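**Student:** just the structure for this:
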Amino acid sequence: MKKHLLFAALLITGGAFAQTCTPDASYAGGNPGLYPHGPLGPTCELIAPKTIVSLTDTTVPNATIGSVTLYITRMRINSVAGLPAGFSLSTDVIGSADANGPWGYWNNTGSTPTQVSAIGCAYVTAAQSAWNSAIGGGTNNDGVYPLVFEVDAYVAATNPAFALQFIGGAAWVSAIDPSVGGGSFYILDTLVVPADYADITATIAGPSDVAPAAQYGYSVANNPNVTYNWTATNGTIVSGQGTNAVQVTWAGSGSIEVDMTDDGCSGNETMAITATPIGIDEAAGINASIYPNPSNGIFTLRLDNIETLNIRIMDVSGKVVRAERLAGANLYTIDLTPVKTGVYIMEIETATGRTFKRLVRN
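**Tutor:** Okay, here's the model as predicted:
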């Protein structure tokens, strides 16, 4: 009889001209099957392989002599059905392929009955145009394609031992009469090709509120397979072009954009930049300094004279985030740790005049 082994999601790649895959060694020694479980679809690298852990033995019913354990030394894929047009199957053992095993053979190690499962991988590959054509196709026009893989196993020995001759001797299980326990194994799978499979998304990290002529860093998550191209509108990229992180000097308000490509995938992200000029004293007679600046939130305000002053701290939209009256010293601690990171303007007003200072809260 035929055995139907149900494993979710096998052998999928987005692979335009992909030629190889690498088994995930973390699955070695595990139960026979395909890993990781769950449906797969094309990645930007255009390959999304499944790791295969082969069978070493299986027990099948036999109408004449009862249950028989089949000891398996090799596995192969005989056929695959359900692939979209333009798609094909490949494996990490394709070099061992022949007319009977068109995708090669995975060989267990050791000797029966204590063998060690082979570990390998297989994948579906297609040109970029084929992946694009597969969007919105399938049985329900939703980009979902049910797949059926016929997997074969070579039976080298049995328990009880005499059963090997009873079933016709060592042979591929597909060649053994189903009435005595033969027949191929079938693995059911799903290939999913979403409409946005070729999109790359990322978040730009870095300050959106800046000061002209100052240098700032911007970055996205690093992926060695992705090519990065940055554009700074109203700014100059000082270093890092072509990488995931750049340094920019701003001439004024503008934007920072990164375009990302990875084989058949692409995407771009943009951040708006607001440049606030450093404050200029509006009246003579106030000599104030503030440090460290930028700061993690704790600033020191120093005045040359001891006098009463009012301070207001505003964000770039003009919203006041702190206001207080200070007196009796020329050195004050300004705590902005409760507010979010960004650029703030401090207004300092005394009897002799008013001045503005720019604060950068890291």
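
**Student:** how much space between residue 234 and residue 147?
**Tutor:** 51 Å (CB to CB, to the nearest Å). (Glycine included, C-beta is placed from N, CA and C.)

**Student:** of the two, who's got more company?
**Tutor:** Regarding residue 234 and residue 147, a neighbour count based on other CB atoms under 10 Å identifies residue 147 as having more, with 21 against 15.

**Student:** point out where the chain drops to low pLDDT.
**Tutor:** 1-19, 40, 43, 45-48, 63, 277-285, 316-318 (pLDDT under 70).

**Student:** which residue ranges make up each domain of it?
**Tutor:** For the chain, automatic domain parsing gives the domain ranges 3-192, 209-275, 288-361.

**Student:** starting at the chain centroid, how far to the last one?
**Tutor:** In this case it means domain 288-361. 43 Å (CA atoms, centre = their mean, to the nearest Å).

**Student:** ok so, going back, output the domains of the chain as a markdown table; include the columns distance to residue 203.
**Tutor:** Shown next, in a markdown table, are the domains of the chain (distance: least, CB to CB, whole Å):
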| stretch | distance to residue 203 |
| --- | --- |
| domain 3-192 | 17 |
| domain 209-275 | 7 |
| domain 288-361 | 15 |
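
**Student:** ok, which of the ones you listed comes nearest residue 202?
**Tutor:** Nearest of the domains of the chain to residue 202, taken as CB to CB: domain 209-275 at 4.0 Å.

**Student:** could you pull out the buried residues of the helix ranked longest in the chain?
**Tutor:** Once the chain is assigned using DSSP state H, the helix that runs over the most residues is helix 128-134. Residues of helix 128-134 classed as buried by neighbour count (16 or more other CB atoms under 10 Å): 128, 130-134.

**Student:** ditto for stretch 89-100
**Tutor:** By neighbour count with 16+ other CB under 10 Å, stretch 89-100 contains the buried residues 89-93.

**Student:** pull the residues that contact that stretch.
**Tutor:** By CB atoms under 8 Å, 6 or more residues apart in numbering, the residues outside stretch 89-100 that reach it are 11, 18-23, 49, 76-77, 80, 83, 103-106, 120-125.

**Student:** endpoint to endpoint, that stretch covers what distance?
**Tutor:** 15 Å (CA to CA, to the nearest Å).

**Student:** distance from the chain centre to it, please.
**Tutor:** Centre-to-centre, stretch 89-100 and its host chain are 29 Å apart (CA atoms, centre = their mean).

**Student:** ditto for stretch 62-69
**Tutor:** The answer for stretch 62-69 is 48 Å, by CA atoms, centre = their mean.

**Student:** and the gap between residue 236 and residue 250?
**Tutor:** 8 Å.

**Student:** and for residue 257?
**Tutor:** From residue 257 across to residue 250, the span is 14 Å (CB to CB).

**Student:** what do you get for residue 242?
**Tutor:** Taking CB to CB, one finds residue 242 at 20 Å from residue 250.

**Student:** between the two, who's got more neighbours?
**Tutor:** A direct count of neighbours by other CB under 10 Å for residue 242 and residue 250 places residue 250 higher, at 23 against 10.

**Student:** isn't that one up against residue 238?
**Tutor:** No - using CB atoms under 8 Å, residue 250 is not in contact with residue 238; the gap is 10.7 Å.
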